[in-house]
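Participant: Sequence and computational prediction follow.
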Amino acid sequence: MKKWKVGFIGAGGIARIAHMPGWKKLENVEVIAVSDIREEVAGAVAKEFGIPHIFTDYRKMLEIKEIDIIDICAPNAVHAPAAIASFEAGKHVICEKPLAITPGEVEDMIAASKKAGKMLMCAQNHRFRPEARILKKIIEKGECGEIYYARAYALRRRLLPPAPTFIKKELSGGGPCLDIGVHILDLVYWLMGNPKVKSVSGVALTKLAKREDIHGDWGEWDRKAYNVEDFAAGYIKFANGASMTLECSFLLNMKESEIFAGQLFGTEAGISLPWGVPPEIYTEKNRTFMIKQLVGLPQIPTHHEEIRAFVEALDKKKPSPVPPEQSLEVIKILDGIYRSSRSGKEVQFK
């Protein structure tokens, strides 16, 4: 079996806490290089995980011919240029969500991937939750009938990440839409069967984040530098006639500290998929309403599982476990919400 050599672009929290341990668990993988513009951060991660090469310029790292795979954990604005440069250097790419900031960037990444003959995958780890995999099979078997409507929520009361990479548009591309909304949107959209997007209408607002009298449970942030939304909502229509609503926030005046959940409604059954609580299926048999609960499911580190699936696909020459064409539709939706909010009109897609 081939021994895959991996290089990291970005060595922040998600790389150190979630991705690095996932690669280290695999016997046929070796992380040999890490790049971060903060040399001290790259050095600390290299020391912790025994990585021999550190860089502050990922382009220099890409010159290492032995590297087969690049894992991108850099700020959102870096995703597209770093991925395209990686493909030009002949590397496979797994990239943290969102795959890119705009649909055009994703299209460029897909084109570069195909030209290089290399795999591209967005690290949408929620698809790899055991309960999500089971629900996907249930839906594909037709047990829910036609899924015609869904809701997706990623709402936080006072959980605004204060780092510049989350609050400055030039780094993040957006606020909760591109940070947490993309997670629940991708999960629910995938469960719906990845229908083509027909139209999007929505709002992206900054109502609380600029106020000095609003606190954050994760610490203070630079109010003057904050230039992304703190709340967004969208209504999405799909080409197959189905529709979905999406709501996401960093700051919202609500009871719960956080709500991360999806609901799907079909002609034969409905599904509730909350975070941290067993999913439920709702249906009617013999004129009697029934509630089924999925219990006893294993708890696995989903970031580790997505990395394992990525390597397995390379080993077995299978397609990307998260096809980038599906990620393109997700980014179309989020970009549509931003465009609709600016124009006040519904955004149509061909």
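Facilitator: Thanks, I have the structure now.
Participant: Please identify the buried residues of stretch 134-148?
Facilitator: 135, 138-139, 144, 147 (16 or more other C-beta atoms under 10 Å). In this view, the C-beta of every residue, glycine as well, is placed from N, C-alpha and C.
Participant: can you check stretch 170-188 too?
Facilitator: Here stretch 170-188 shows 171-188 as buried, counting by 16+ other C-beta under 10 Å.
Participant: so how far is the first residue of it from its last?
Facilitator: 28 Å (C-alpha to C-alpha, to the nearest Å).
Participant: With stretch 140-157 instead?
Facilitator: Start and end residues of stretch 140-157 are separated by 35 Å (C-alpha to C-alpha).
Participant: Might you report the residue contacts of the residue nearest the centre of the chain?
Facilitator: Relative to the mean C-alpha position of the chain, the nearest C-alpha, by C-alpha atoms, centre = their mean, is the one of residue 97, at 3.5 Å. Applying C-beta atoms under 8 Å, 6 or more residues apart in numbering to residue 97 gives the contacts 122-124, 182-183, 186.
Participant: Report all helices and strands that the one helix or strand residue 82 maps to contacts.
Facilitator: Assigning secondary structure by DSSP states H and E places residue 82 in helix 76-88. In terms of contacts (3 or more C-beta pairs under 8 Å, 6 or more residues apart in numbering; DSSP states H and E), helix 76-88 is packed against strand 4-9, helix 58-61, strand 69-72, strand 92-96, helix 103-116, helix 169-172.
Participant: quick one, it and strand 4-9 angle?
Facilitator: Counting by axes from the mean of the first three to the mean of the last three C-alpha atoms, to 10 degrees, helix 76-88 lies at 140 degrees to strand 4-9.
Participant: from the middle of its chain, how far away would helix 76-88 be?
Facilitator: Put simply, helix 76-88 sits 16 Å off its chain's centre (C-alpha atoms, centre = their mean, to the nearest Å).
Participant: Over to stretch 287-302?
Facilitator: 24 Å.
Participant: what's it in contact with?
Facilitator: Stretch 287-302 is touched from outside by 18, 21-22, 125-126, 128-131, 134-135, 278-284, with contacts defined as C-beta under 8 Å, 6+ apart.
Participant: Provide a ChimeraX selection command restricted to the buried entries of these.
Facilitator: In ChimeraX, this line selects whichever of these come out buried by 16+ other C-beta under 10 Å:
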select :18,22,125,126,128,129,131,135,279,281,282,283
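Participant: quick one on the thing from earlier: go through the contacts of residue 97 and flag which are in strands.
Facilitator: Using DSSP state E, the members of those that fall in strands are 122-123.
Participant: Distance to residue 316 for the contacts of residue 97 - can I get that in TSV?
Facilitator: Conversion of those to TSV gives the following (distance: C-beta to C-beta, whole Å):
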residue	distance to residue 316
122	20
123	19
124	20
182	28
183	27
186	24
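Participant: Okay, helices next: where are they in the stretch 251-350 of the chain?
Facilitator: For the stretch 251-350 of the chain, the helices defined by DSSP state H, counting those that start in this stretch cover 302-315, 324-343.
Participant: Let me know the average pLDDT across the first one.
Facilitator: Helix 302-315 shows an average pLDDT of 98 in the prediction.
Participant: Next, the angle from it to strand 92-96.
Facilitator: Using the same axes, to 10 degrees: helix 302-315 against strand 92-96 is 160 degrees.
Participant: go on, the longest one?
Facilitator: Orientation check (the same axes, to 10 degrees): helix 324-343 against strand 92-96 gives 40 degrees.
Participant: got a list of what residue 134 touches?
Facilitator: Taking C-beta under 8 Å, 6+ apart, we find residue 134 in contact with 294, 297.
Participant: which residue sits closest to the residue nearest to the centre of the chain, ignoring its sequence neighbours?
Facilitator: residue 182 (5.1 Å; C-beta to C-beta, 6 or more residues apart in numbering).
Participant: Contact partners for the one you found?
Facilitator: Neighbours of residue 182 in contact, by C-beta under 8 Å, 6+ apart: 97-98, 124, 330-331, 334.
Participant: what's the spacing between it and residue 139?
Facilitator: 21 Å (C-beta to C-beta, to the nearest Å).
Participant: And for residue 193?
Facilitator: From residue 193 to residue 139 the distance is 7 Å (C-beta to C-beta).
Participant: Over to residue 109?
Facilitator: 28 Å.
Participant: Could you report the neighbour count for the nearest residue to residue 48 once chain neighbours are set aside?
Facilitator: The shortest distance from residue 48 to any non-neighbouring residue, by C-beta to C-beta, 6+ apart, is to residue 16 (7.1 Å). Look at residue 16: counted by other C-beta atoms under 10 Å, it has 19 neighbours.
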